[in-house]
Every structure is written in C-alpha cells, then in structure tokens.
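# Sequence and predicted structure, then a few things I'm wondering about:
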Amino acid sequence: MFISQMPRKTRQGSNFGQRLATLRKDRGLTQVQLAEAIGSNQRLVSYYENIADYPPAGVVAEIAPILKVSTDVLLGIKPTKLRKQDTQDPETRRLWKKFQQIMMLPEKDRRAVIRLVNSLVQAKVAR
C-alpha cells in the first residue's frame, strides 16, 4: 500500500504555531531564514509552527523583534494590527515581501541594493 503523505501531528489548544507561520510569511521569511536569525535550525522552527504548544519564553523574546511584533501579539494576547500594505494589490505585497527579505541581508549588501534601486529610479526620471 502506498501512502502519499505522512499524517501530521496536530496541536490541541493554542494556535501559536499558525500565528507564527502567518507572521513569518507576512514578513517574507522562510523557516530557514527565521531559524538563522535566532541562531537555530529549520527543524526547530517547523516544530514550533506545527507541533509545539508554545516555545520557551526566551525563544518568543528572540522571535518577536525579528517579526517586528510584540511578544503579546506573537503569543496571541493582543491581536495583530492590519497594516496598510496588507490591503494593497498583490504586486505591492510581493514587493514588500522582497524588501523585507532585503532587510535580513548584511548591511553592506543592503546598501548595494539601495544604490541599485536609486540608480534605476534616477535613470527612469532622467528619461
């Protein structure tokens, strides 16, 4: 008998994992990128998103600033506020996510991207 997909463990109780995954994706981050930002690995982030009820308090405190939310929002104590860019067209959301990924680059690389964008915009304006 061929099983096409392994059954997933499901959480009972909190919806922390779903909230974490949503916030991570809204910021344009992969599990690997978030794991690197907190000095961990992708398997642990996947565990927090899919299996664990809540991670340790120290991990919550590390993740919240990376996702640009308070620990209260990450834990579900306070609701997330709808950001202006969440209501815009899909192309704007896609670009916003790309710029969020750029913010995770080292400072030298971020500056290079900004210089490139500035030169493209200035060339367009000069035409």
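Arrived safely. Bear in mind the structure is a predicted one, so any value in this text is a computation, not a measurement.

# next SSE after the least confident helix or strand in the chain by mean pLDDT?
Across the helices and strands of the chain, mean confidence by mean pLDDT, DSSP states H and E is lowest for helix 90-102: a mean of 80. Downstream of helix 90-102, the next assigned helix or strand under DSSP states H and E is helix 107-126.

# which outside residues touch that next one?
The set of residues external to helix 107-126 that reach it, using CB atoms under 8 Å, 6 or more residues apart in numbering, is I102, M103, L105. Placement of C-beta: from N, CA and C, glycine included.

# just the CA coordinates of that helix, formatted as CSV?
This file holds the C-alpha atoms of helix 107-126, laid out as CSV (Å, rounded to 0.1, in the frame of the first residue of the first chain):
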residue,chain,number,x,y,z
GLU,A,107,24.4,46.0,5.9
LYS,A,108,26.9,46.1,3.0
ASP,A,109,24.5,44.1,0.8
ARG,A,110,21.5,46.2,1.8
ARG,A,111,23.4,49.4,0.8
ALA,A,112,24.3,47.8,-2.6
VAL,A,113,20.6,47.0,-3.3
ILE,A,114,19.6,50.6,-2.3
ARG,A,115,22.2,52.1,-4.6
LEU,A,116,21.0,49.9,-7.4
VAL,A,117,17.3,50.9,-6.9
ASN,A,118,18.3,54.5,-6.6
SER,A,119,20.2,54.4,-9.9
LEU,A,120,17.4,52.7,-11.7
VAL,A,121,14.8,55.2,-10.4
GLN,A,122,17.1,58.2,-11.3
ALA,A,123,17.7,56.8,-14.8
LYS,A,124,13.9,56.4,-15.3
VAL,A,125,13.3,60.0,-14.1
ALA,A,126,16.0,61.4,-16.4
